[in-house]
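Colleague: dropping a prediction and its sequence here:
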Protein chains: 8
Amino acid sequence: MELTVYLAGQIHDDWRDALEAKAKENKLPLHFVGPQTNHDKSDNIGEDVFGKQPNNIVKDDAASSINNFRTQILMEKSDIVIALFGENYKQWNTAMDASLAMAQNKPVMIIRPESLVHPLKEISNKANVTVENIDQAIDVLNYVFL
Amino acid sequence: MELTVYLAGQIHDDWRDALEAKAKENKLPLHFVGPQTNHDKSDNIGEDVFGKQPNNIVKDDAASSINNFRTQILMEKSDIVIALFGENYKQWNTAMDASLAMAQNKPVMIIRPESLVHPLKEISNKANVTVENIDQAIDVLNYVFL
Amino acid sequence: MELTVYLAGQIHDDWRDALEAKAKENKLPLHFVGPQTNHDKSDNIGEDVFGKQPNNIVKDDAASSINNFRTQILMEKSDIVIALFGENYKQWNTAMDASLAMAQNKPVMIIRPESLVHPLKEISNKANVTVENIDQAIDVLNYVFL
Amino acid sequence: MELTVYLAGQIHDDWRDALEAKAKENKLPLHFVGPQTNHDKSDNIGEDVFGKQPNNIVKDDAASSINNFRTQILMEKSDIVIALFGENYKQWNTAMDASLAMAQNKPVMIIRPESLVHPLKEISNKANVTVENIDQAIDVLNYVFL
Amino acid sequence: MELTVYLAGQIHDDWRDALEAKAKENKLPLHFVGPQTNHDKSDNIGEDVFGKQPNNIVKDDAASSINNFRTQILMEKSDIVIALFGENYKQWNTAMDASLAMAQNKPVMIIRPESLVHPLKEISNKANVTVENIDQAIDVLNYVFL
Amino acid sequence: MELTVYLAGQIHDDWRDALEAKAKENKLPLHFVGPQTNHDKSDNIGEDVFGKQPNNIVKDDAASSINNFRTQILMEKSDIVIALFGENYKQWNTAMDASLAMAQNKPVMIIRPESLVHPLKEISNKANVTVENIDQAIDVLNYVFL
Amino acid sequence: MELTVYLAGQIHDDWRDALEAKAKENKLPLHFVGPQTNHDKSDNIGEDVFGKQPNNIVKDDAASSINNFRTQILMEKSDIVIALFGENYKQWNTAMDASLAMAQNKPVMIIRPESLVHPLKEISNKANVTVENIDQAIDVLNYVFL
Amino acid sequence: MELTVYLAGQIHDDWRDALEAKAKENKLPLHFVGPQTNHDKSDNIGEDVFGKQPNNIVKDDAASSINNFRTQILMEKSDIVIALFGENYKQWNTAMDASLAMAQNKPVMIIRPESLVHPLKEISNKANVTVENIDQAIDVLNYVFL
């Protein structure tokens, strides 16, 4: 039984690669999907498709419509959603992705540093599991297949 | 036809009072509900009910379980959800409340300053309407009853 | 038992007034809601709230976001949706409103002239009832209370 | 991960062939389904199955019952719905197909010429993405797999 | 707490009057709704609204579209569905009404004579309660308010 | 794309074999499932599993619990439900199976002789398509793959 | 805003009276409903309605069908579900009522003594809030109205 | 057609092995999943992942969050849920798993000894089938494929 995991969250570092590598080391039968991780591509996809937009609000709305289209397709195909929150970014779209997944009865795991316990407490309380780092996330995923 | 509006978002200033006052001035048939706005009460409700907790993570989880219980009750009774994002806080629970409301097919309006257009672009794109301030929010609510 | 009826469809003539007047004559316990019927107001509400927009696409999107917000609120409160299609307009939003109502298990009645039988055949087939004019619509509503 | 795409919309020209050809050129792992594109077949399927009907209304209802049966089967198997609106036809069934897909949380992309921005503004606002032509649609589909 | 009860089933005798009278005797806070019980009216409502139809199949489809419209409105407002099956009629619409109510998580009680135990066994097994007569149905309703 | 079809309806003749044979002749990519068609087995499965029951009501309830378990499993795996009604039996379970399928948004086709048009009119009106015989059912299934 | 609270759980002591009395002392705008608390009545309602049953299994099934009918009606009308688990009974129906409420997105509070932390840990983790006694439950309900 | 079966219930004896072995003997095309059956592992998984917790309540909540995450993933992939109740344990999580499965329209079979008829009567009444032992469960599973 291979499971598909959507990796929601920041696209500013390589946490997805690290998590996928450890899943592979553990021979977990997981297939990973996620958002566009090329940040420029993600921000500019609206103008890449529609051409120059009249201002930044319209540019951002165009990009987000395509990003949300992508997310909705891939999240619908996923059995598990993992959402990582880091210390430096707003990441409200990550909170939205995790919440929409919960509302669809998809199992959700949050990864966040201890410094973010307080602002994430309501999401952690609604999610299935909250861990502090990628190693703990792998431990939890491992347990599903024991 | 009186409608109930859940006012999600930060509890650090008096934006709810301002919005409610303007709704009253406009004689809009609206009834407002929202989270506990006494910040200390909201953070300490877990220990107020269960007594001293062993550490901050457990204290925060206890408080958030009661805050989420309250939010779920009141949001379920609401016809409209308005979520305000300000510049100073993480407000991931606000993003969660707005997203869970969308998932339940509740009409959602976002209020955010122009400075937050970029980080909120995916939520704005999913919500029904995004405005920049309370006056615009009142204009939109007014239009519902014209 | 008073029922609420959402009147979807064109806002270019006074069909809503005619239907409501006949319902009143028949002493039907119905409460009617519907879209903004002032056409200019409906088209301009985006700019009325947000100010001048950079082009017509953005202006239209701004207006439609507020119109959809209004429709979603009022349709959610409705027990019945009646959608009228006339010969002169595209009315794709009417088709959307009727279809979203069907998907929410709301009873839907279509009013359309015989000339539109062919292009509306799939919607008629999915709707509960299709009639040709307001008098027939009143006959059907009357039957609900017999 | 191969995805299935339902191509809703007019059956009067060969836009589906054009889109499928470009998807193939781009080596996108997509499988396409859609309505019966032989127009006569689509209009006459009711009489083909049930024999001569007493009038055009009944003939159209018979055909649409079978067309809706087909659409419901294939749309249920689809991961993405693309709906094209052209300038010449009423296409209310296209608006219904797109709206029912939205109501089932399926990602929806609209293709429409700029001339139709105004009458399609409410559907565009509810859909995930709206583009103006097949090339832009391919750009968006491409982005899902980047 | 007043509850609304939809009384599905045959319209050939006065079982609804009998049940409602006994509910009144027992001072149960119940409000009853149900199908059109004037049999001729129910069969002819299609032609009453649309005029003479070309054949009986079309006449029956026209009538049933209006009967289903009525049923859907009233069942949606109901807290309980009671479906009575008698020995003399096909009553497949009664089976449909009861089943659609079950699918919407509405509590369903079946009333049927012992002679119909066998052909109704699958429906009885899915319904909440099955009783043999009106007195037993009143006993069960009474118990809800004890 | 192979589709699974649940064949609901009477188990007193070999209509399923006839339909499956014609589907095979037409090379339709369909996989058929359905209820237990050995009538004695179907009636006695309760006592086969649980032993002699105290009376026929309990015996029938035991059998129907297992029959409904089987139906729910197989119908959930099906893309299409075809329900045949014949002239000789009550078949209320068939009406229930078709109605529960409709409530789950599964495409439903009814097969019934012309003599049953009247008592089945409300179900026919809710189903996607109603045909009179197996040949017409095959024509409709064929059309899905054209 | 008056809220309705379903009090699931054991019917062997007077915990409901105690909780309702304290809610009244606190002037909380709550209306309470719950199962039949006369234990004999609850166990015998099947035979009270249907007469002597052939054995205890059938007697219990008859009673539970009526108890579940009652619970489903009243829980559907409730805004909050509180489920109390005590040390002496199996109370699997309490676990079912709480779980079905969660699945319907109803806010759920568990009351259980510390001795039951371990066997109730999975339900506590899924519920919104878990408290140890009636006073804490009142504190939480009070907070909803602050 | 291979089906996946989730085996909910006590992890204190080897009933799963026995049931799986008999399914294999009968060549039933079934794939079994279930909870972590190493009891120590199940109780300690929270501390295994997060390290020593401050007290047993927090330790249990940590373990149950991971157990519920696992259960939700595997139950979502299952076509059938079988829940066994034995005489010695509280097993409220088993009641929850079975109830959440029912709420998701998954077919549910209960296995329980005759001694537990009374406390399980409401769950038995809601489940599809209740049997007394593994042999009867296999008989029922066998019947699905006859």
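Modeller: Yes, it's here.
Colleague: how about the residue in chain A that sits furthest from its center?
Modeller: Within chain A, the residue lying farthest from the chain centre (C-alpha atoms, centre = their mean) is A:Pro54, at 30.0 Å.
Colleague: now the nearest residue to that residue once chain neighbours are set aside: how far from A:Lys77?
Modeller: Nearest residue to A:Pro54, sequence neighbours excluded (C-beta to C-beta, 6 or more residues apart in numbering or on different chains): C:Pro54, at 3.4 Å. C-beta: built from backbone N, CA, C; applies to glycine. According to C-beta to C-beta, to the nearest Å, C:Pro54 stands 36 Å off from A:Lys77.
Colleague: what's the model's confidence in the strand ranked longest in chain A, averaged?
Modeller: Counting by DSSP state E, the longest strand found in chain A is strand A:3-9. Strand A:3-9 shows a mean pLDDT of 98.
Colleague: do the helix or strand just after that strand and chain D meet?
Modeller: Once strand A:3-9 ends, the next helix or strand along the chain (criterion: DSSP states H and E) is helix A:15-25. No - Helix A:15-25 stays clear of chain D (C-beta under 8 Å from any C-beta of the partner chain), getting no nearer than 14.2 Å.
Colleague: report all helices and strands that the following helix or strand past helix A:15-25 contacts.
Modeller: As assigned by DSSP H and E, the chain's next helix or strand after helix A:15-25 is strand A:30-33. Using 3 or more C-beta pairs under 8 Å, 6 or more residues apart in numbering or on different chains; DSSP states H and E, the elements in contact with strand A:30-33 are strand A:3-9, helix A:15-25.
Colleague: now strand A:30-33: buried residues?
Modeller: A:30, A:32-33 (16 or more other C-beta atoms under 10 Å in any protein chain shown).
Colleague: redo those residues as TSV? Include pLDDT.
Modeller: Shown next, in TSV, are the buried residues of strand A:30-33 (pLDDT from 0 to 100):
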residue	pLDDT
A:Leu30	98
A:Phe32	98
A:Val33	98
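Colleague: which residues in chain A form helices?
Modeller: For chain A, the helices defined by DSSP state H occupy A:15-25, A:39-50, A:56-76, A:92-103, A:121-126, A:134-145.
Colleague: which among those is found nearest to C:Asn105?
Modeller: The closest of these to C:Asn105 is helix A:92-103. By C-beta to C-beta, the value is 19.2 Å.
Colleague: which single residue of chain A ends up nearest chain C?
Modeller: Distance from chain C to each residue of chain A (C-beta to the nearest C-beta) is smallest for A:Pro54, at 3.4 Å.
Colleague: list the contacts of that residue.
Modeller: By C-beta atoms under 8 Å, 6 or more residues apart in numbering or on different chains, A:Pro54 lies in contact with C:54-55, C:58.
Colleague: what's in contact with the longest strand of chain A?
Modeller: Strand A:3-9 is touched from outside by A:15-16, A:19, A:29-35, A:71, A:74-75, A:77-86, A:91, A:94, A:97-98, A:101, A:111, A:141, A:144, H:73, with contacts defined as C-beta under 8 Å, 6+ apart.
Colleague: right, and the helices of chain A - which one's nearest H:His39?
Modeller: Closest approach to H:His39 among the helices of chain A (C-beta to C-beta): helix A:134-145, 14.1 Å.
Colleague: the residue nearest to A:Arg16 when sequence neighbours are not counted - how many residues pack around it?
Modeller: Nearest residue to A:Arg16, sequence neighbours excluded (C-beta to C-beta, 6+ apart): A:Leu7, at 5.0 Å. Burial of A:Leu7 is recorded as 24 neighbouring residues (other C-beta atoms under 10 Å in any protein chain shown).
Colleague: over to A:His12?
Modeller: Per other C-beta under 10 Å, the neighbour tally for A:His12 reads 12.
Colleague: how about A:Ile134?
Modeller: So A:Ile134, with other C-beta under 10 Å, has 19 neighbours.
Colleague: cross-check the contact I'm expecting between A:Asn67 and A:Gln36.
Modeller: Yes - assessed by C-beta atoms under 8 Å, A:Asn67 is found in contact with A:Gln36 at 6.7 Å.
Colleague: mutual contacts of the two, please.
Modeller: Going by C-beta under 8 Å, 6+ apart, residues that sit against A:Asn67 and also against A:Gln36 are A:42, A:45.
Colleague: who has more neighbours, these two?
Modeller: Shown here are A:Asn67 and A:Gln36; by other C-beta under 10 Å, A:Asn67 has more neighbours (23 against 19).
Colleague: could you list every residue that touches the more buried one?
Modeller: A:35-36, A:42, A:45, A:93, B:122.
Colleague: what would the helices and strands packed on strand A:30-33 look like in TSV with distance to E:Gln136?
Modeller: Converted to TSV, the helices and strands packed on strand A:30-33 look like this (distance: least, C-beta to C-beta, whole Å):
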stretch	distance to E:Gln136
strand A:3-9	50
helix A:15-25	59
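Colleague: deepest of these, which one?
Modeller: Of all the helices and strands packed on strand A:30-33, strand A:3-9 has the most neighbours on average by mean count of other C-beta atoms under 10 Å in any protein chain shown, namely a mean of 23.
Colleague: for the residue nearest to A:Ser42 when sequence neighbours are not counted, give its distance to D:Tyr143.
Modeller: In space, and not counting its chain neighbours, A:Ser42 is closest to A:Gln36: 4.4 Å by C-beta to C-beta, 6+ apart. Computed with C-beta to C-beta, the distance linking A:Gln36 and D:Tyr143 is 7 Å.
Colleague: columns pLDDT on top of the contacts of A:Pro54, output as a markdown table?
Modeller: Output for these, formatted as a markdown table (pLDDT from 0 to 100):
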| residue | pLDDT |
| --- | --- |
| C:Pro54 | 96 |
| C:Asn55 | 96 |
| C:Val58 | 97 |
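Colleague: out of those residues, which comes closest to B:Glu25?
Modeller: For these, the nearest to B:Glu25 is C:Val58 (30.1 Å; C-beta to C-beta).
Colleague: give me every residue that touches the closest one.
Modeller: Counting by C-beta under 8 Å, 6+ apart, C:Val58 touches A:54, A:58.
Colleague: separation between it and C:Asp14?
Modeller: For C:Val58, the distance to C:Asp14 equals 31 Å [C-beta to C-beta].
Colleague: same check, this time on A:Ser78
Modeller: Between A:Ser78 and C:Asp14 the computed distance is 50 Å (C-beta to C-beta).
Colleague: quick check, the residue in chain A closest to chain E?
Modeller: Residue of chain A nearest chain E, by C-beta to the nearest C-beta: A:Asn105 (16.2 Å).
Colleague: cool, thanks, talk later.
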